[in-house]
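**Q** sequence and predicted model, in that order:
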Amino acid sequence: MAPDESGQRQNSGAAALVRGGKLTGRWQLDPAASRVEFRVKHFWHAVTVHGWFERFAGAGTVGQDGVVSGRLSIDATSLNTKNKQRDKHLRSADFFDVEHHRDVVVTVERATPTDGGQMAVAGTLEAAGIRQPVTFTAEVTQASADAVTLRADLVVDRTLFGMTWRPLGIAAKEAAATVHARFTRASP
């Protein structure tokens, strides 16, 4: 994040806004201003498969104590890698098993501000019907009293979610995801 005219990082006030109670209340994800992307190394790390999800929804709450909680629900049927055959396989029981488990869900049980415009996040990730604990750091890239934008990078061992397809080790066990999420204050 580039410094503003005062030389301060533009997101450095996010922790102060949370701790000062300015962000207390309910927040709604703005899908039009958000993205959920993923990438996996393939062909023995020679190629990276890139993709994204086209449909997702989310909401969060900032408590009086500054603790943030929330939920991001991602429609796994909306995944897109620009390859119809691969997308069909990713939706199958070898991976997301969308016939039985349509959504990938990130539940944030607790996110607290750290110095430097970041949030320390703890919660769960559920994919293909399997839920696992997850921790990560989200960077606050923009914050005001009416809108907050976060970016989080996660690396997930997909085999923990039963996604074990990788003949001859062709595909990496780890999948990386980047979430750009813009939240706006929800109406009362």
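**A** Nice, I can see it.

**Q** this structure: strands as residue ranges?
**A** In the chain, the segments counted as strands under DSSP state E are 25-29, 35-42, 47-53, 56-62, 68-75, 79-80, 103-114, 118-127, 130-143, 147-157, 174-185.

**Q** show me where this structure dips below the pLDDT cut-off.
**A** Within the chain, the stretches with pLDDT under 70 are 1-15, 19, 187-188.

**Q** for it, what's the longest helix?
**A** Looking across the chain with DSSP state H, the single longest helix is helix 84-91.

**Q** re the thing from before, could you dump the strands of the chain to a markdown table with distance to residue 16 and mean neighbour count?
**A** The C-beta positions use only the backbone N, C-alpha and C, and glycine is treated the same way. Below are those laid out as a markdown table (distance: least, CB to CB, whole Å; neighbours: other CB atoms under 10 Å):
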| stretch | distance to residue 16 | mean neighbour count |
| --- | --- | --- |
| strand 25-29 | 17 | 17 |
| strand 35-42 | 27 | 18 |
| strand 47-53 | 33 | 16 |
| strand 56-62 | 13 | 19 |
| strand 68-75 | 14 | 20 |
| strand 79-80 | 38 | 18 |
| strand 103-114 | 8 | 19 |
| strand 118-127 | 13 | 18 |
| strand 130-143 | 9 | 16 |
| strand 147-157 | 13 | 18 |
| strand 174-185 | 17 | 19 |
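
**Q** switch those over to CSV; also include distance to residue 86.
**A** Listed next are the strands of the chain as CSV, based on distance: least, CB to CB, whole Å:
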stretch, distance to residue 86
strand 25-29, 27
strand 35-42, 9
strand 47-53, 7
strand 56-62, 20
strand 68-75, 18
strand 79-80, 10
strand 103-114, 17
strand 118-127, 17
strand 130-143, 22
strand 147-157, 19
strand 174-185, 14
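
**Q** wait, which of those is closest to residue 97?
**A** Across the strands of the chain, residue 97 has its closest neighbour in strand 118-127 (8.9 Å, CB to CB).

**Q** any idea of the angle the closest one forms with strand 147-157?
**A** Orientation note: strand 118-127 sits at an angle of 50 degrees relative to strand 147-157 (axes from the mean of the first three to the mean of the last three CA atoms, to 10 degrees).

**Q** strand 118-127 to strand 174-185, inter-axis angle?
**A** Between strand 118-127 and strand 174-185, the angle comes out at 120 degrees (the same axes, to 10 degrees).

**Q** hmm, who's touching strand 118-127?
**A** For strand 118-127, the surrounding residues in contact (CB atoms under 8 Å, 6 or more residues apart in numbering) are 68, 76, 96, 101, 103-114, 131-140, 150, 152, 154, 156, 161, 163.
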